[in-house]
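> pasting the sequence and the predicted model now:
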Amino acid sequence: MAHFALLDENNIVTFVTVGRDEDDGKEAELSARTGQVYKQTSYNTRGGVYYTPNTNEPDPDQSKAFRKNYAGLGYIYDEIIDGFVPPKPYPSWLLNTTTGLWDPPVPYPTDGKRYDWDEADQSWTEISDPA
């Protein structure tokens, strides 16, 4: 089953729809038929990795990975990386062109605790669990 993202004049996703099976790989035909710009998107692709449907496991066949991320409302289709990119969470974060995701300037801590990004201090702040 094919999925398509409708883009506005700034390549921002305004709608995502399920297409007909015969539309798979035919975004140009869909765009011509509707007079709007559609780009196909892969429901099971996140961070440049294709996941086996209904699992959280990377699929052995990574040739199915398509356009970095499944398109969501407000995502931008980046023509340079041929991928869908979520909205930028903070001004200091940089686009990872391999994953199509935003990387913080300081890696997320790996100590098992939960953190929020503090843009002013450019650091991670631990989230306290309520007592």
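The structure has been received and is ready for your questions. Residues are numbered from 1 along each chain as shown.
> so what pLDDT did residue 34 get?
The predicted local distance difference test score for residue 34 is 88.
> likewise for residue 23?
Among the per-residue scores, residue 23 holds a pLDDT of 61.
> would you map out the domains in the chain?
As recorded under automatic domain parsing, the domains making up the chain are 1-87, 88-131.
> and the shortest one, how far out from the chain middle?
What it means is domain 88-131. 17 Å (Cα atoms, centre = their mean, to the nearest Å).
> so where's this protein shaky on pLDDT?
In the prediction, the chain carries residues with pLDDT under 70 at positions 20-25, 131.
> now do the strands in it.
Secondary structure of the chain, counting by DSSP state E: strands at 3-7, 13-18, 37-41, 45-46, 49-50, 76-78, 83-85, 94-96, 101-103, 115-118, 123-126.
> which of those strands is buried the deepest?
strand 83-85 (a mean of 25; mean count of other Cβ atoms under 10 Å). Glycine gets a C-beta too; all of them are placed from N, C-alpha and C.
> contact partners of that one?
The contact list for strand 83-85, computed with Cβ atoms under 8 Å, 6 or more residues apart in numbering, reads 5, 13, 39, 41, 48, 67-72, 75-78, 95, 100-102.
> now do stretch 101-110
Residues outside stretch 101-110 that contact it (Cβ under 8 Å, 6+ apart) are 47, 68-69, 85-86, 88-90, 92-96, 115, 117, 122-124.
> that stretch: end-to-end distance?
End-to-end distance for stretch 101-110: 19 Å, by Cα to Cα, to the nearest Å.
> what does stretch 40-50 give?
Where stretch 40-50 starts and where it finishes are 15 Å apart, if you go by Cα to Cα.
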